[in-house]
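S.K.: For reference, the sequence and a predicted model appear below.
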Amino acid sequence: LSGFVTPHSFSFLQSILFVLVVMIGGSGSIAGPLVGAIIVGLLPEMLARLEEYRLLFFGALLLAVLWAAPQGLVGLAVRLWPRRAGASPQAVAPLAPPEPETAPALGQRQRSTLRAQGLSMVFGGVNAVSQLSFSVPPGAVTSLIGPNGAGKSTVLNMLSGFYTPTQGACLLGDAPVQGVGAWRIARAGVARSYQTSQLFGSLSVLDNVALALPRGRLGFVLGAGRIRSPQARAQAQALLAWCGYAGDTQARASDLAHVDRRLVEIARALATDPEVLLLDEPAAGLSHEDKERLSALLRRIADQGVGVLLVEHDMALVMGLSDHVVVIESGRHLAEGTPAQVQAHPAVRQAYLGDGAGGAVAVRAGAARTLPPGAAELLGVGQLTTGYGAEPVLHGVDLIVREGELVALLGANGAGKSTLMRTLAGLHRPLQGGIHLAGVELGGLRAEQVVAHGLVLVPEGRQVFPELTVLDNIRLGAFLVQESREGREARVQEMLQRFPRLRERLHQRAGLLSGGEQQMLAIARALMARPRVLLLDEPSLGLAPKVIEELFAALDALRGEAMTLVLVDQMAALALSLADRAYVLEGGRVVAQGTAAEIAANDALTRAYLGGGH
């Protein structure tokens, strides 16, 4: 080449035209830019007499295409064009039981054990994983569990090559597979799925699976010939059927229901003929029936000789499916064994339930108290059903909070606690059911209207404004409160008296605070809104024990002032030490309710966190 391409080689108008070509025709196919180029090339000639209005015309055309066909004209044509015979769209079906005994893509070969040896991962100065060792043998389901923030996804990222361990080794058989790149590890035989869908949305279901069959080798014309071959497509079709996918294999992956996305992702992972399959929360968002079918599918995969490593928050599924369970906390090995051994392990109960933690917290928590006689119901929830899209997460939840009470919502990750809190706060619209505060229906109101009525959320993860100062964050909490400037500043001083640490950092950016200080700031900001009911979602998440002690002392002080509180916290025993009453959620349903003492003694609490029979 005698030269090179620079941005200066193209005028501003030419750059716009190149973008128009792709946006009008559509990306994701050869035909899209070609059609766009024809339109952009021919229209100026056809409109030669309207030279001065050409840009205006193209702008109007672009807006029309973006409105009517966001995927471009070719994408619109593909959607509207009748399916060829035998590939008509079908209604989304539940998971179908697999038919053939042997997965079509899995070769009959000896498979190796995946071993983690002394794995450590440091981000900055934070030890996310520390000296972790365990193994995933072939033909068995090994589950990796732990509380929020334990480091489970970080471990999967190291095993699959997305992170290079700071220390330690990952071995597949005797071959090291760390630090060589994710694509090399996938070729070596370690496949995985992800918490969120990573399918190619613009491709069909069949093409998503067929792409993985050549084991990552692109081949002729970027692999197009190989994935379009009858053999590859027949194998992909058979693998989808084996995994229980009963929908249209020609449908775009972006149009699939959540349950079908999970199936296609597993089928695509199996198409690489893996030795080990890593699964990151595959049951998230599935119904009870679909979870049972997924469990059966994973068992069949293990029976093919594949080692399965499962990260999952549904403890009933984990304990019912797993051959071996590894428990980690704060990135460190805590316990391992059979499901029964892990469920009975004292350290595991401490990590999940906080057994014994309440006595270690030097606050007035747990002190018996009597609510005022005839304390009125302040917050009520009736038959509340909420979901994401058309998939329900909460199913007919009933909840009552009386004035001056502290009510704890307990349950494992994925039980629906945070979804319930966000629905109460107006961040999710209920699909059915009602929410009322002091007789006022809140179910259809926007979040700011809910706050104005006195229902205020302290969200999970603090969610302070990191670029604003501590003082500005506190003041923002009073945005909807009608009061004088003097009154507002007096309440700012009240918050600083309640949380003395914040006074020392009043003019610092909130993003520079520690996690505990940010949590105190989030509570102070919420209190500035003068709540009638304060919702607290996982206030202790990610905090050190001494900070948790200080934080819960502040919550106990609010309890002593007869503030009405609804608390979600991962440390069940600690939450119960403060609560008057509690509800236990499992699978989006209330499975137990009662006083704090009654719930602490109820086996439903242990089952919700650690699985077990019902």
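M.R.: Thanks, I have the structure now. Every value quoted in this text rests on a predicted model; they were computed, and no experiment measured them.

S.K.: how would you label the residue nearest in space to the middle of the chain: helix, strand or coil?
M.R.: By CA atoms, centre = their mean, the chain has its centre lying nearest to residue 195, at 6.2 Å. Classification of residue 195 by DSSP: H, G, I helix; E, B strand; the rest coil places it in coil.

S.K.: Phi first, then psi, for it.
M.R.: phi -60, psi -40 (degrees, to the nearest 10).

S.K.: With residue 376 instead?
M.R.: Residue 376 adopts backbone torsions of phi -80, psi 150, taken as degrees, to the nearest 10.

S.K.: can you check residue 133 too?
M.R.: phi -130, psi 130.

S.K.: Repeat that for residue 73.
M.R.: Main-chain dihedrals, residue 73, degrees, to the nearest 10: phi -70, psi -40.

S.K.: Quick check: it touching residue 25?
M.R.: Yes. Taking CB atoms under 8 Å as the definition, residue 73 is a contact partner of residue 25 at 6.0 Å. C-beta: built from backbone N, CA, C; applies to glycine.

S.K.: more neighbours, those two?
M.R.: When residue 73 is set against residue 25 and neighbours are counted by other CB atoms under 10 Å, the residue ahead is residue 25, at 24 against 19.

S.K.: related to what we said a few turns ago, what is in contact with residue 73 and residue 25 at once?
M.R.: 32, 35-36, 39 (CB atoms under 8 Å, 6 or more residues apart in numbering).

S.K.: Tell me the one of the residues you listed nearest residue 306?
M.R.: Of all these, residue 306 sits closest to residue 32, with 38.1 Å by CB to CB.

S.K.: who touches that closest one in this structure?
M.R.: Contact analysis of residue 32 by CB under 8 Å, 6+ apart lists 22, 25-26, 72-75.

S.K.: Mind putting those residues into TSV with pLDDT, secondary structure and distance to residue 237?
M.R.: Shown next, in TSV, are the contacts of residue 32 (pLDDT from 0 to 100; DSSP: H, G, I helix; E, B strand; the rest coil; distance: CB to CB, whole Å):
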residue	pLDDT	secondary structure	distance to residue 237
22	84	helix	32
25	82	helix	30
26	81	coil	26
72	80	helix	28
73	80	helix	30
74	79	helix	25
75	74	helix	24
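
S.K.: show me where the stretch 301-450 of the chain has helices.
M.R.: In the stretch 301-450 of the chain, the helices defined using DSSP state H, counting those that start in this stretch lie at 315-321, 339-344, 346-353, 357-360, 417-424, 447-453.

S.K.: ignore the last one, the stretch 501-614 of the chain
M.R.: So, for the stretch 501-614 of the chain - with DSSP H, counting those that start in this stretch - the helices run 515-527, 545-560, 572-578, 596-600, 603-610.

S.K.: which of these is buried the deepest?
M.R.: Across the helices of the stretch 501-614 of the chain, averaging neighbours per residue (mean count of other CB atoms under 10 Å) puts helix 572-578 on top, at a mean of 26.

S.K.: So which of the shared contacts of residue 73 and residue 25 belong to strands?
M.R.: Of the shared contacts of residue 73 and residue 25, none are assigned to strands by DSSP state E.

S.K.: Just the closest of those residues to residue 428, please.
M.R.: For those, the residue nearest residue 428 by CB to CB is residue 32; the value is 36.0 Å.

S.K.: Now the closest one: closest residue in space, sequence neighbours ignored.
M.R.: Excluding its sequence neighbours, the residue lying closest to residue 32 (CB to CB, 6 or more residues apart in numbering) is residue 26, at 3.5 Å.

S.K.: need the contact list for that neighbour.
M.R.: Residue 26 makes contacts with 32-33, 35-36, 69, 71-76, as judged by CB under 8 Å, 6+ apart.
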